[in-house]
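fold the following for me, if possible:
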Amino acid sequence: MIIMSVDFGDARTGIAVCGKSELIASPVCVIQEKDFNECIKKTAEIAKEQRAEEVVVGYPKNMNGTVGERAEKCALFAQELEKLIGCPVKLWDERNTTVSAHNALNVTNTRGKKRKAVVDAVAATIILESYLGFRRNSSAT
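Below you'll find the predicted structure:
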């Protein structure tokens with residue numbers, strides 16, 4: 001199944017996708033958009049271009065597991081996106097993915113403007129890799 005992941009942000013939204021084999025998550029792009037509704041529309045266009053059969057939206061719960069304002073906004077984003085694309089949109093716990101993305105970029109020595117341009121797509125890739133790992137492990141049991 002082709003699965004797309006979204007790391008929604010107020011200014012930049014990262015997108016990643018995996019092919020039908022569900023083996024490798026790859027970054028696609030970063031949407032530079034501050035308008036909530038426009039970001040949803042642009043994300044829907046990319047989902048259609050990528051032929052996504054399912055979309056996973058990062059759900060940033062607080063470290064204690066509670067749902068805060070940011071997670072609520074991501075849930076609304078997912079809900080509105082699902083109306084536009086006609087395939088399932090799921091929320092996926094994304095705690096620490098941005099930290100992990102920054103750590104990955106440290107390893108590659110990606111700094112400054114380059115880092116800012118790709119960190120959200122890397123975070124989306126990490127979200128998708130986590131979700132794919134869950135799918136593999138849950139289908140094996």
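
quick one, what contacts the residue lying closest to residue 24 once chain neighbours are set aside?
Leaving aside its chain neighbours, residue 24 sits nearest to residue 18 (6.2 Å; criterion: C-beta to C-beta, 6 or more residues apart in numbering). Backbone N, C-alpha and C define where each C-beta goes, glycine included. Residues near residue 18 by C-beta atoms under 8 Å, 6 or more residues apart in numbering: 2, 3, 24, 25, 26, 128, 132.

residue 18 pairs with what?
Note on residue 18: beta-bridge partners by DSSP bridges are residue 3, residue 25.

which outside residues touch the one helix or strand residue 56 maps to?
Element membership for residue 56 (DSSP states H and E) is strand 54-59. For strand 54-59, contacts defined as C-beta under 8 Å, 6+ apart pick out 1-8, 47, 71, 74-75, 77-78, 81-82, 85, 87-94, 97, 123-124, 127-128, 131.

tilt between the helix or strand following that strand and strand 54-59?
Downstream of strand 54-59, the next assigned helix or strand under DSSP H and E is helix 69-85. Computed by axes from the mean of the first three to the mean of the last three C-alpha atoms, to 10 degrees, the angle separating helix 69-85 from strand 54-59 equals 160 degrees.

on contacts alone, who are the packing partners of helix 69-85?
Using 3 or more C-beta pairs under 8 Å, 6 or more residues apart in numbering; DSSP states H and E, the elements in contact with helix 69-85 are helix 36-49, strand 54-59, strand 89-93.

including mean pLDDT, could these go into JSON lines?
Output for the helices and strands packed on helix 69-85, formatted as JSON lines (pLDDT from 0 to 100):
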{"stretch": "helix 36-49", "mean pLDDT": "98"}
{"stretch": "strand 54-59", "mean pLDDT": "96"}
{"stretch": "strand 89-93", "mean pLDDT": "94"}
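
if anything else comes up later, I'll come back, but that's it for now.
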